[in-house]
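*Asks:* I would like to see how this sequence folds:
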Amino acid sequence: MNKKVKAIPQNSKADASIEDVAQLAKVSGATVSRALRNLPNVSATTRARVLAAAVQLNYTVSPSASRLASGRMSTIGVVTPFVSRWFFAQVINGVEEVLQKAGFDLVLYIDEDGRTFQSLPMKRKVDGILMLTLPSDSPDVERVRNLGVPVGSLHVDIEGFSSVLIDDVGGSVIATNHLIGLGHRRIASVTLDQNSSIPFRTEHDRSKGYRRSLAAAGIKVDPRLIVNGESSVEGGMQAAAELLSLPDRPTAIFVQSDEMAMGVLHTIRRAGLRCPDDISVIGFDNHELSKVFDLTTVAQPAHDQGVLLAQHVLDQVRNGAQPQTTTLRTRLVVRGTTAPPSSPLE
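*Replies:* Coordinates of the predicted model:
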């Protein structure tokens, strides 16, 4: 009695199965799976025969099946407090660029108070986590650690995690020293949001650098010259209005982000003052629009931070590498919003 042979559909992606490929290549289904996933213990001749059969049948491996077989989901979770602010958008863009090239998906979690996963646990399995600027004492840090997957931390050095850092203190010293070097003594600071539900280190460290620089120059800190800019253009506008209302207004302002600095410049010009003739302004970031505003600033490589953080965690996921820490440098970019005060040593 003749054995029935299943008719194999030709060039039909919808109908072809792994069993069809195995029958055409005269191997087992397990061998097909190993060959198509480029796993060991498959000879070059057999692998070539399997690939030829798969091409003939227009067969492609099911992504979900491949992920289950490998024990990985090819997905990285990104935990961020914001997505609309320029810095975070640049970082996420860098992360996505790396993950896309590596064939990984990105799952975004918005964590505005450091407690997102108390009420919304990660229900979707991920191979790694990237945390963007979450403080080390945030409740979500331990919840993420307990997932047992590689974790990367941006701007915060946490034991056991990969991290990408910048020297916020040093960058602020660079900015403030630039103003002091021009002859300014009455230097204000517009800070990132001091009332955020998450106590980010960035505001703390940039304020620390500002105070350290003034102290080194023998300049007493005037609390009236430190104003919360609420991490927004509108906040920068309001902070500048408050500073300009002082009877002895500052001759220079260090603004902890370029977005806030744009708001500061707007208010200065609306007040009929000239920058830098009447008041100098320096920002922090090197936002892509800082050139348009001719803004002197301290540059940080936001996009590159996302790239490096994603690369560090992918190296752990795919190669079993140990956590890595990279610190990137900031640099002064002098443009047209800073100059010596109109009256020396004012």
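
*Asks:* was I right about residue 173 contacting residue 215?
*Replies:* No: counting by CB atoms under 8 Å, residue 173 stays clear of residue 215, with 10.6 Å between them. To be clear about C-beta, it is placed using only N, CA and C from the backbone, and glycine gets the same treatment.

*Asks:* between those two, point out the one with more neighbours.
*Replies:* More crowded of residue 173 and residue 215, by other CB atoms under 10 Å: residue 173, with 23 against 11.

*Asks:* residues of stretch 134-142 that come out buried?
*Replies:* Buried positions in stretch 134-142, judged by neighbour count with 16 or more other CB atoms under 10 Å: 134, 135, 138, 140, 141.

*Asks:* how far does it sit from the chain's center?
*Replies:* Distance, stretch centre to chain centre, for stretch 134-142: 17 Å (CA atoms, centre = their mean, to the nearest Å).

*Asks:* distance between the ends of it?
*Replies:* End-to-end distance of stretch 134-142 (CA to CA, to the nearest Å): 11 Å.

*Asks:* equivalent analysis for stretch 323-338, please.
*Replies:* Across stretch 323-338, the terminal residues are separated by 41 Å (CA to CA).

*Asks:* now do the helices in the protein.
*Replies:* For the chain, applying DSSP state H gives helices covering 18-25, 29-36, 44-57, 63-70, 86-102, 116-119, 139-145, 168-181, 201-216, 233-244, 258-270, 302-319.

*Asks:* next up, the contacts around the residue nearest to residue 47 when sequence neighbours are not counted.
*Replies:* Leaving aside its chain neighbours, residue 47 sits nearest to residue 35 (4.6 Å; criterion: CB to CB, 6 or more residues apart in numbering). Residues near residue 35 by CB atoms under 8 Å, 6 or more residues apart in numbering: 27, 42, 46, 47, 50, 51.

*Asks:* can you count the residues close to the first one?
*Replies:* This means residue 27. Per other CB under 10 Å, the neighbour tally for residue 27 reads 19.

*Asks:* go ahead and confirm it touches residue 49.
*Replies:* Yes: between residue 27 and residue 49 there is a contact under CB under 8 Å: 7.3 Å.

*Asks:* alright, calling it a day.
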